[in-house]
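K.L.:
This is a predicted model, with the sequence first.
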Amino acid sequence: MRVAAEAPELTHFTDGQPRMVDVSAKVSTARTATAEGWVVLPPEARAALDGGHNRKGDPLTVARLAGIQGAKRTSDVVLLCHPLPIQGVEMDVQLLERGVRVQATVRTSGQTGVEMEALTAVTVAALNVYDMLKAASKAIRIEDVRLLSKSGGKSGDYQAE
């Protein structure tokens, strides 16, 4: 017989009302998060990317820039996210057999983590790849956006399996 694990406390609600968590008493530490996602390309979108036939420019370069901007603007689109002083964003955007792999690593030193910034960077980059290749195919898919790792803070380190 399996015993149910106790659910973690969700901190964005008090008495059923949304709130921004007060992090003022937390210790400032170095924090890093890495996320990834995939843009799966049907053959016609892959051909357009491989052939460089895109009047809008290079989708992979645009995705890198868009991801950096996405990390910086996370608190504008994730409503209860704290605006953070982002100290570094690394974007790795590669065309592989499966499609375009997008990976973002975000760093800060502060009182709250950068997981949402890394996830937003990946998602925004993937959306820009879709936008630039959608004329070739509407069947492009964005898949498997996930946190790969995080370090720093009270909850410690995390590494995806």
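P.N.:
Perfect, I can see it now. Every value quoted in this text rests on a predicted model; they were computed, and no experiment measured them.

K.L.:
count of residues packed around the closest residue to Arg73 other than its chain neighbours?
P.N.:
The shortest distance from Arg73 to any residue that is not its chain neighbour, by C-beta to C-beta, 6 or more residues apart in numbering, is 7.7 Å, and that residue is Thr120. All C-beta atoms are positioned from the backbone trio N, CA, C, and that covers glycine. Residues near Thr120, counting by other C-beta atoms under 10 Å, number 27.

K.L.:
now for whatever helix or strand Thr120 lives in, which elements pack on it?
P.N.:
Secondary structure from DSSP states H and E places Thr120 in helix 115-133. Helices and strands touching helix 115-133, by 3 or more C-beta pairs under 8 Å, 6 or more residues apart in numbering; DSSP states H and E, are strand 29-40, helix 43-51, helix 59-72, helix 74-77, strand 88-95, strand 99-110, strand 141-151.

K.L.:
And Gly57, how far from Lys138?
P.N.:
The spacing between Gly57 and Lys138, counted by C-beta to C-beta, to the nearest Å, is 20 Å.
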